[in-house]
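Enquirer: Provided below are the primary sequence and the corresponding predicted coordinates.
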Amino acid sequence: MRVGTGLLGALALAWRAGWHTLVGQAGLALLGSVLPVALAWLTKLALDGVARPAPFRDLLPIGLGLAAVGVGAGLVPHLERYARQDMQRRTGLLAQDRLFAAAEGFVGLARFEAPAFLDRLRLAHQAGGIAPGAVVAGALGVGRGLVTVLGFLGALFLISPWLAVAVVAAAAPALAAELALSRRWAALLWRIGPVQRRESFYQQLLTSVQAAKELRLFGVGRYLRERMATERRTANAEHRTMDRRELRYQSGLGLLAAVTSGVALLWALHAAARGSITAGDVALLVAAVAGVQAGTTGLVTEISTAHQQLLLFGHYRAVLASGPDLPTPADTSTAGTHRPAPLRVGIEFRDVWFRYSPDHPWTLRGLDLTIPYGRSVALLGRNGAGKSTVVKLLCRLYDPDRGAVLWDGVDLRDLDPAELRRRIGAVFQDFMEYDLSAADNIGLGDLDALGDESRISAAARRAGVHDTITNLPRGYQTLLSRLFPDDHAESEDGATSDETAASGGGVGVPLSGGQWQRLALARAYLRGERDLLILDEPSAGLDAEAEYDIHVGLRQFRAGRTSLLVSHRLGAVRDADLLVVLDGGRVVEQGDHATLLRADGRYAQMFQLQAQGYLTDSPHSVGVR
Ligand SMILES: Nc1ncnc2c1ncn2[C@@H]1O[C@H](COP(=O)(O)OP(=O)(O)OP(=O)(O)O)[C@@H](O)[C@H]1O
């Protein structure tokens, strides 16, 4: 049943991707399947005619038929290959698009963090490119093989029924064995998923420019290479075991088929010597036994390949059928009921409990927090206190396990997540550095502004990165990447782009850490008119002067706007309307700077510690004096 629905799914995808190619491919498969049988029959007729002997005009149609079959046999395989590859490309493209659309539809992050789901996604991605096309080609191949085998079996049956039965009996175990093997292959691919994931992690590590510094400094390249090889050896051992099993099955079954055909041949020669069958019958019998065996082997291979691909295609179908990861309102279209209205009162975390999974400890334990409309709130606390987690819940990348996050009193779970996010601008602590142009890096913050130079440069100016960008070789159009050379053309001396890149010419320009951070800030500023601005450590990588500039700019920009700012630099956030200190997954202190200093609690301690750090001499310098 599952095989049936998988096959139907693949056929439906292929039909959608290009029905005319599918029909052409099926027609060619049918033509290809009857040609060998027609060739054998026509050869028998020609031999019998010559032996009789028959006049040439009786032999002429047979000769023309043989010539036509020869032309067909020469052309059909090439046409079929072309149609198959075209189908592969079309279904691959459609399948990939559907897979990525499904992944894009996951509202939250949890699935991207679950190793089992990641394995399934990887297999689905691999399968999506080739499996549907391979399943369709396999199904057509099976149909073609069946027609050929049945045609030859019919011929055999006419000459000797018991021989036909014997040949089928010899082929049946091969079919059963191949099906069992293909199931084992699919299970193996699933089993070694984590091993391959680790191997590819080491591969990326050993070739990534970020890791290159530390690997060289610590001299750990060889150690990691050995770990990578260990993973590959584990996968190889599993493959080898399967290959050996396959070898055993296939050579045993091949032997059985060879013995069957040998016996059939001896019987045919014996019968011809006694005069009970003609020379044409012998030729047809030899062709039929060989044709049934070759056809069965082909059939078995097609079935097992299609079966394997079908099992892989199962991962693709599973991802597509996995449904929403977080509940979304049933109907987001009805009169905009699930659209968040512009923020008017504020956002409230009400007794929020959250952990990343049942295996993780609680990160938030009954958090109560209000971000009032039009005010700036700064979230403070030591590493791991849960500040970024609050940010992620606010963007609805996860849902609370208990309690609720309310947008003007409406639970975020009752709002359309895409609409909610349209109202938010954010810089995450682990912001993205896109290997795109400077303009694109900013413009991705708001696709409407992507071609709007004035909006992009205004955002860049506000983030203090405009001058940096205009000094780049191609200004806002400079590619900020080491991955893609800016110029794919060969240089004048004929060097390829790889060589040019290796010598430092024609490559995109990467920025410094702080410059990237400003770019991320510009991206958020592009969404500055949105209802809520979230900045998670927006100045961590900036120099002191830049940080000051950024915070002055931020202060002006934030005035009268609702914002949430996460920072460890207390001097930079002291003038926020509300300072909130998190500890142990809940709010332990809140108020403005003056109130919290007077309270002489956690904030006052942290603030004084940082302030002293700037003002007092270090114990070492005192000692030196
Ligand atoms: N994706 C995740 N899966 C599991 N645990 C996580 C995940 N992200 C964060 N955590 C854990 O949740 C806790 C809170 O992390 P969070 O990033 O919110 O802290 P933070 O206050 O922002 O810290 P920092 O000041 O270091 O940025 C930490 O113990 C962290 O290990």
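Expert: On my side now, so go ahead.
Enquirer: Low-confidence ranges, the stretch 451-600 of the chain, go.
Expert: Along the stretch 451-600 of the chain, the model assigns pLDDT under 70 to residues 482-508, 540-541, 558.
Enquirer: now Ala26: how far from Gly63?
Expert: 30 Å (C-beta to C-beta, to the nearest Å). For every residue, glycine as well, the C-beta is placed using N, CA and C.
Enquirer: for Leu93, same thing?
Expert: Leu93 is 46 Å from Gly63, by C-beta to C-beta.
Enquirer: Leaving out sequence neighbours, find the closest residue to the most centrally placed residue in the chain.
Expert: Closest to where the C-alpha atoms of the chain average out (C-alpha atoms, centre = their mean) is His125, at 4.7 Å. Spatial nearest neighbour of His125, excluding adjacent residues (C-beta to C-beta, 6 or more residues apart in numbering): Leu99 at 6.4 Å.
Enquirer: got a list of what that neighbour touches?
Expert: For Leu99, the contacting residues are 124-125, 128, 316, 319-320, by C-beta atoms under 8 Å, 6 or more residues apart in numbering.
Enquirer: Surely it is in a helix?
Expert: Yes. Per DSSP: H, G, I helix; E, B strand; the rest coil, Leu99 lies within a helix segment.
Enquirer: Test my guess that Val289 contacts Ala264.
Expert: Yes. Contact criterion C-beta atoms under 8 Å: Val289 and Ala264 qualify, at 4.8 Å.
Enquirer: and for the two, which residues touch both?
Expert: Both Val289 and Ala264 are contacted by 163, 167, under the criterion C-beta under 8 Å, 6+ apart.
Enquirer: and the closest residue to the ligand within the stretch 51-200 of the chain, how many residues sit next to it?
Expert: At 5.3 Å from the ligand, Glu113 is the closest residue in the stretch 51-200 of the chain, using C-beta to the nearest ligand atom. Per other C-beta atoms under 10 Å, the neighbour tally for Glu113 reads 12.
Enquirer: So it versus Lys392, what's the distance?
Expert: 11 Å.
Enquirer: Over to Gln429?
Expert: Gln429 is 10 Å from Lys392, by C-beta to C-beta.
Enquirer: Looking at the two, which one has more neighbours?
Expert: More crowded of Gln429 and Lys392, by other C-beta under 10 Å: Lys392, with 20 against 13.
Enquirer: sec struct for the closest residue to Ala83 other than its chain neighbours, please.
Expert: Closest residue to Ala83 apart from its sequence neighbours, by C-beta to C-beta, 6+ apart: Gln25 at 4.1 Å. Here Gln25 is recorded as helix under three-state DSSP.
Enquirer: Who are the contact partners of Gln25?
Expert: With contact set as C-beta under 8 Å, 6+ apart, Gln25 has these partners: 80, 83-84, 87, 136-137, 140.
Enquirer: Same question for Gln429.
Expert: By C-beta under 8 Å, 6+ apart, the neighbours of Gln429 are 388, 536-537, 540, 566.
Enquirer: Heading C-terminal from the helix or strand hosting Ala594, find the next helix or strand.
Expert: Using DSSP states H and E, Ala594 sits within helix 593-599. For helix 593-599, the following helix or strand on the C-terminal side (DSSP H and E) is helix 602-615.
Enquirer: And the strand or helix carrying Gly49, how far out from the chain middle?
Expert: Assignment of secondary structure by DSSP H and E places Gly49 within helix 2-51. From the chain centre to the centre of helix 2-51 is a distance of 34 Å (C-alpha atoms, centre = their mean, to the nearest Å).
Enquirer: now swap in stretch 289-303 and tell me
Expert: Remark: stretch 289-303 is offset 36 Å from the chain centroid, using C-alpha atoms, centre = their mean.
Enquirer: Contacts for that stretch next, please.
Expert: Applying C-beta under 8 Å, 6+ apart, the contact partners of stretch 289-303 are 36-37, 40, 138, 141-142, 145-146, 148-149, 151-153, 156, 163, 167-168, 171, 174-175, 178-179, 182, 257, 260-261, 264-265.
Enquirer: which parts of it are buried?
Expert: Across stretch 289-303, burial judged by 16 or more other C-beta atoms under 10 Å covers 289-303.
Enquirer: Write the ChimeraX selection for whichever of the contacts of stretch 289-303 are buried.
Expert: Remark: buried members of these, expressed as a ChimeraX selection using 16+ other C-beta under 10 Å:
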select :36,37,40,138,141,142,145,146,148,149,151,152,153,156,163,167,171,174,178,182,257,260,261,264
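Enquirer: So which of the contacts of stretch 289-303 sit within helices?
Expert: 36-37, 40, 138, 141-142, 145-146, 148-149, 151-153, 156, 163, 167-168, 171, 174-175, 178-179, 182, 257, 260-261, 264-265 (DSSP state H).
Enquirer: what about the helix holding Gly49, average pLDDT?
Expert: Throughout helix 2-51, pLDDT has a mean value of 88.
Enquirer: likewise stretch 427-440?
Expert: Rounded mean pLDDT across stretch 427-440 is 89.
Enquirer: A strand includes Leu406, no?
Expert: Yes. Under three-state DSSP, Leu406 sits within a strand.
Enquirer: how far away is it from the ligand?
Expert: 20 Å (C-beta to the nearest ligand atom, to the nearest Å).
Enquirer: Could you look up the SS state of the nearest residue to that residue once chain neighbours are set aside?
Expert: Spatially, and ignoring its direct neighbours in sequence, Leu406 is nearest to Glu348 (4.5 Å; C-beta to C-beta, 6+ apart). Secondary structure, three-state DSSP: Glu348 is strand.
Enquirer: Spell out which parts of this structure neighbour the ligand.
Expert: Residues of the chain found near the ligand (C-beta under 6 Å from any ligand atom) are 113, 356, 360, 363, 381, 383-389, 429.
Enquirer: Widest-spaced pair of those?
Expert: Farthest-apart pair in the residues of the chain next to the ligand is Glu113 and Gly381; separation 22.7 Å (C-beta to C-beta).
Enquirer: which element is Leu367 on?
Expert: For Leu367, the element it lies in under DSSP H and E is strand 364-372.
Enquirer: Val581 and Tyr603 touch, don't they?
Expert: Yes. Counting by C-beta under 8 Å, Val581 does reach Tyr603; the two are 5.3 Å apart.
Enquirer: show me what contacts Leu269?
Expert: Here Leu269 is in contact with Val282 (criterion: C-beta under 8 Å, 6+ apart).
Enquirer: repeat for Gly141
Expert: 29, 298-299, 302, 306.
Enquirer: and whatever residue of the stretch 401-550 of the chain ends up closest to the ligand, helix, strand or coil?
Expert: Nearest to the ligand in the stretch 401-550 of the chain, going by C-beta to the nearest ligand atom, is Gln429, at a distance of 5.7 Å. Secondary structure state of Gln429, per three-state DSSP, is coil.
Enquirer: Over to it: give its phi and psi.
Expert: phi -60, psi -40 (degrees, to the nearest 10).
Enquirer: buried sites along stretch 32-43?
Expert: 32-33, 35-43.
Enquirer: And the residues you listed, which is closest to Lys213?
Expert: Gly32 (57.7 Å).
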